[in-house]
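Enquirer: Based on what follows, work out the 3D shape:
(chains A and B)
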Amino acid sequence: MDASATKELFIEMITRDIALVPSIVDLVDNCADGARRMRGNASYQGLAARLDISASEFRLSDNCGGMSVDLARNVAFRFGRPPNTPPLKHSIGQFGVGMKRAIFKIGKYFRVESTTASSRFVIEQDVVAWAKIPEWEYEFRELEEDGRFNSTQQGTTITITELHDGVAAEFALQDFVPQLKQEIKSRLRDPIARKLAITINAIPVDSEPLTLLASKELAPAYKELRFSATGAKPVTVRLFCGLGRLILEGDKTPATGWSAEIDDVSLPAFHGQYNHLRGYAYFDCDDPGRLPWNTTKTGFNMDSSVYRAARLEMMKMALPVKTFLDRLKEEKSAKAKAGSDEPGPLQSLLLSARPGDIHKIDTRPTFDLPTAKAKKVTGPIMQKIQYDEPLKRVQEVRSALKARSWKEVGEKTFEYFYKAEVGE
Amino acid sequence: MNQANQRTTSLGKFRYALRPAKNIERKMLCEAFGCLASLAPLPSYRYIGLGALEFVDFALLHQRIGITDMLSIECRDDAFERIKFNIPYLCIKMKWGTSHEVLPTLDWRKKTIVWLDYDSPLATQILDDVRLVTSSLVSGSMIVITVEARPKEVEGNVNIAHDRLQALIQNVGEDRLPLMKEGDGAVRSLKGSDLAEWGLARVSRQIIDAEIARTLKDRNAPLDTESRISYEQLFNFHYADGAKMLTVGGIILHARDASRIPESTFDMLEFVRRTDDPYLIEAPVLTSRELTYLDNHITARGFKKASWLPQAECEKYKKVYRYHPTFAEVERG
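Expert: Residues are numbered from 1 along each chain as shown, chains lettered A, B, ... in the order given. Below is the predicted model of the structure:
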């Protein structure tokens, strides 16, 4: 068998369905997985992932516990994951393919060095040469299995050189780092919020905590769901929904429950008035296979059973927020009709609420509609009239009417005509 | 939100209590609700309805099955004082807003009987309510939906079939149109001519049924077989006190609870309908004296023969006499 052709085809296949930036995010996500294994849901203070990117070299190093020799041998450097591998706790990196895929995507020569409390290994490989040999396994360049390493030594460093031409050109672009930073920020919000220090070329990737507007009257909704099934690890889903400040890279695709194109709509297609609506969903499970991500972890697997059930809840939680925004819109247009600039009661509530970190603010099971309902404009519906007339003529009318203001001129002339021609 | 889409109650349109078919339907439903006693004590249930002005359903359920936790959703806050004045029992609480606004804000942990008694035709917003309620109800609860199912009048319009189909599409969206089965089992798409007579009611039932099924599919997706929730249709009423109306509904059940309430509990009630085949409620046109006469001649097998009475009306009465209202004029003190 021609190993070279098969392997080249294989490399081509696994790298084709992922873009460069997400593949790097995948690598950084491995660091976050390491942090999760070390610290669980506690703070990651002191842990770091450092990216150094130039047109000639890619390097990612972390101090997140390292990769055991077993893990390297059986999982990370094998293709696909053997079915009997125990799932990595709290990890979304289930496919065992992420690291190799990213490496192949970026360049033709790599070195992976990893140290745990008891082991250390180095794998170094020329990808082009590897493609020519029939074996699929990699050889350890250095291996130490019964050592003792202190915590400052523990961690993983991936170095990739002989970058593909396209990749080197990308890395050289001015806006590559900002783009990567943005992507890491939005995909790894949670680890960053837990103080995992990620830097790109020494620039820290800081993620603002996710916020929702909160006040006594406007408390966001929070719901925790647990999907258990026999023989499977339970999936915990935490949902937040409320109001947010305008802006943001809000996702308005069918995956979030917006849109009228898909068949299971429950929210109206996205309208401007709903710009304030915000919802956040966290999925957590000891078995990453039960999480609803697609294989590149850049989006949802919309067929996932957990996802479908969670989305139903998300739509339910969003409805009262939507009602609030509908009423707010009504209030605003009523105010506008009455020619008033003053904010109405709902608008005032919105303005007085402050954004707060969703993990710290008070929440309720449902977003309560504030009882301060938009007061209906009492009396008949009003209509404003405006017109221009030559100043001289208007002044004549004003003095004839003995009116004290231009407004009065308008009112009195209308009144005069109405009495004479329309009213009884 | 489009005001025209919002549910409005029939305030002032009818005297609710006087519509005989509606009256009969209400009592039939109440009798079926009574069967829930084998799952949980009836007073432990909550009732949610759209009370309108007369709260007839509320009064009936309170009197007959002892429910005290009652909630009426009312969007007509312009008639706030009047509606409040008409609340018959203190235990009835009010929530002001459309069903669409209020339903998502409720706590659904209690066994509940919900009757979404709309008087408008089926529309997207009603289906949203159905979805919300179906995704929220706990096992042992009942959901009942009433919608108007009056096909647009012909009035010499030769394109009536087309117009009726368009009206339905406008209300529920084209993607919700059900497929129709021919007599030979072949399947075809819905045509305007399917909506004549009780056709719109049949199609409306199918659409509601599909919405419930789809919601439960999502809700059940991550659950084990034994924790899944199912919906069993029990009601499929057609009636017309004026406009043609459809009432469809049933019970939401866990596999665990299903064994505690044998199917026969409901099937003993002759009006229970688990399929597409409706139960038509028809109030007989008979005089008070005739009704009294018939009541006095009921035997185990039916009525003793009264050949001078129109047989068709007698047959109608036989089906509903236990639920038939008696109207009389009284001196008001």
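
Enquirer: which regions of chain A lie under the pLDDT threshold?
Expert: Filtered on pLDDT under 70, chain A yields the residue ranges A:1-5, A:78-97, A:246-272, A:295-299, A:370-381, A:424.

Enquirer: Tell me where it has helices.
Expert: A:3-16, A:20-39, A:69-71, A:98-106, A:127-132, A:165-172, A:176-187, A:189-193, A:305-337, A:345-352, A:391-401, A:406-417 (DSSP state H).

Enquirer: what angle sits between the second one and helix A:176-187?
Expert: Between the axis of helix A:20-39 and that of helix A:176-187 there is an angle of 50 degrees, by axes from the mean of the first three to the mean of the last three CA atoms, to 10 degrees.

Enquirer: likewise the first one?
Expert: Calculated by the same axes, to 10 degrees, helix A:3-16 forms an angle of 70 degrees with helix A:176-187.

Enquirer: Does anything pack onto helix A:3-16? Which helices or strands?
Expert: Contacts defined by 3 or more CB pairs under 8 Å, 6 or more residues apart in numbering or on different chains; DSSP states H and E place helix A:3-16 against helix A:98-106, helix A:127-132. All C-beta atoms are positioned from the backbone trio N, CA, C, and that covers glycine.

Enquirer: If you compare the directions of it and helix A:98-106, what angle comes out?
Expert: Between helix A:3-16 and helix A:98-106, the angle comes out at 100 degrees (the same axes, to 10 degrees).

Enquirer: for helix A:3-16, which positions count as buried?
Expert: Residues of helix A:3-16 classed as buried by neighbour count (16 or more other CB atoms under 10 Å in any protein chain shown): A:7, A:11, A:14, A:15.

Enquirer: pretty sure the second one is in contact with residue A:127, am I right?
Expert: Same thing as residue A:11. Yes. Using CB atoms under 8 Å, residue A:11 is in contact with residue A:127, at 7.4 Å.

Enquirer: mind listing what the residue of the stretch 201-350 of chain A found nearest chain B touches?
Expert: Among the residues of the stretch 201-350 of chain A, residue A:305 lies nearest to chain B; the distance is 3.4 Å by CB to the nearest CB. By CB atoms under 8 Å, 6 or more residues apart in numbering or on different chains, the contact set of residue A:305 is A:227, B:221, B:222.

Enquirer: for the last one, what are its contacts?
Expert: Residues counted as contacts of residue B:222 (CB under 8 Å, 6+ apart) are A:227, A:229, A:235, A:305, A:306, A:308, A:309.

Enquirer: export the residues you listed to TSV and tack on distance to residue A:322?
Expert: Formatted as TSV, the contacts of residue B:222 follow (distance: CB to CB, whole Å):
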residue	distance to residue A:322
A:227	25
A:229	31
A:235	26
A:305	26
A:306	24
A:308	20
A:309	20
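
Enquirer: Can you say which two of those residues are spatially most distant?
Expert: A:229 and A:308 (13.9 Å; CB to CB).

Enquirer: ok, back up a step: are any of the contacts of residue B:222 buried, and which?
Expert: A:227, A:229, A:235, A:305, A:306, A:308, A:309.

Enquirer: if I read this right, the second one contacts residue B:225, doesn't it?
Expert: No. In this structure, residue A:229 sits apart from residue B:225 without contact. The criterion is CB under 8 Å, and the distance is 9.3 Å.

Enquirer: Distance from the chain centre to the helix or strand that residue B:118 is a member of, please.
Expert: Applying DSSP states H and E as the criterion places residue B:118 in strand B:112-121. Relative to its parent chain, strand B:112-121 has a centroid offset of 6 Å by CA atoms, centre = their mean, to the nearest Å.

Enquirer: Now tabulate the buried residues of helix A:3-16 in a markdown table and tack on distance to residue A:399.
Expert: Listed next are those as a markdown table, based on distance: CB to CB, whole Å:
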| residue | distance to residue A:399 |
| --- | --- |
| A:7 | 98 |
| A:11 | 92 |
| A:14 | 88 |
| A:15 | 85 |
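
Enquirer: Tell me which two in those residues are the farthest apart.
Expert: Greatest spacing in the buried residues of helix A:3-16, by CB to CB: A:7 and A:15 (12.3 Å).

Enquirer: roughly how far apart are the spatially most central residue of chain A and residue A:21?
Expert: Note on chain A: the residue nearest the mean C-alpha position is residue A:186, at 4.6 Å, using CA atoms, centre = their mean. Distance of residue A:186 to residue A:21, given as CB to CB, to the nearest Å: 11 Å.

Enquirer: beta partners for residue A:204?
Expert: In this entry, residue A:204 is beta-bridged to residue A:199, by DSSP bridges.

Enquirer: Just give the number of residues close to it.
Expert: 12 (other CB atoms under 10 Å in any protein chain shown).

Enquirer: likewise residue B:45?
Expert: Residue B:45 has 25 neighbouring residues, counting by other CB under 10 Å.

Enquirer: Likewise for residue B:49?
Expert: 23.

Enquirer: Quick check: closest non-adjacent residue to the residue in the stretch 51-200 of chain B that chain A sits nearest to.
Expert: Shortest the stretch 51-200 of chain B-to-chain A distance, computed as CB to the nearest CB: residue-wise this is residue B:104, at 3.8 Å. Spatially, and ignoring its direct neighbours in sequence, residue B:104 is nearest to residue A:319 (3.8 Å; CB to CB, 6 or more residues apart in numbering or on different chains).

Enquirer: Might one say that that neighbour is in contact with residue B:132?
Expert: Yes. With contact defined as CB under 8 Å, residue A:319 reaches residue B:132; the gap is 7.0 Å.

Enquirer: so what secondary structure elements neighbour the strand ranked longest in chain A?
Expert: Criterion DSSP state E: the longest strand present in chain A is strand A:232-243. Packing partners of strand A:232-243 (3+ CB pairs under 8 Å, 6+ apart): strand A:211-214, strand A:221-229, strand A:277-285, helix A:305-337.

Enquirer: Other residues contacting the shortest one?
Expert: By CB under 8 Å, 6+ apart, the surrounding residues in contact with strand A:211-214 are A:220, A:240, A:242-245, A:276, A:278, A:280, A:350, A:353-358, A:361-362.

Enquirer: Would you confirm that residue B:108 contacts residue B:136?
Expert: Yes. At 3.9 Å, residue B:108 and residue B:136 qualify as touching, with contact defined as CB under 8 Å.

Enquirer: As CSV, the contacts of residue A:305 with distance to residue A:144 would be great.
Expert: Output for those, formatted as CSV (distance: CB to CB, whole Å):
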residue, distance to residue A:144
A:227, 43
B:221, 47
B:222, 44
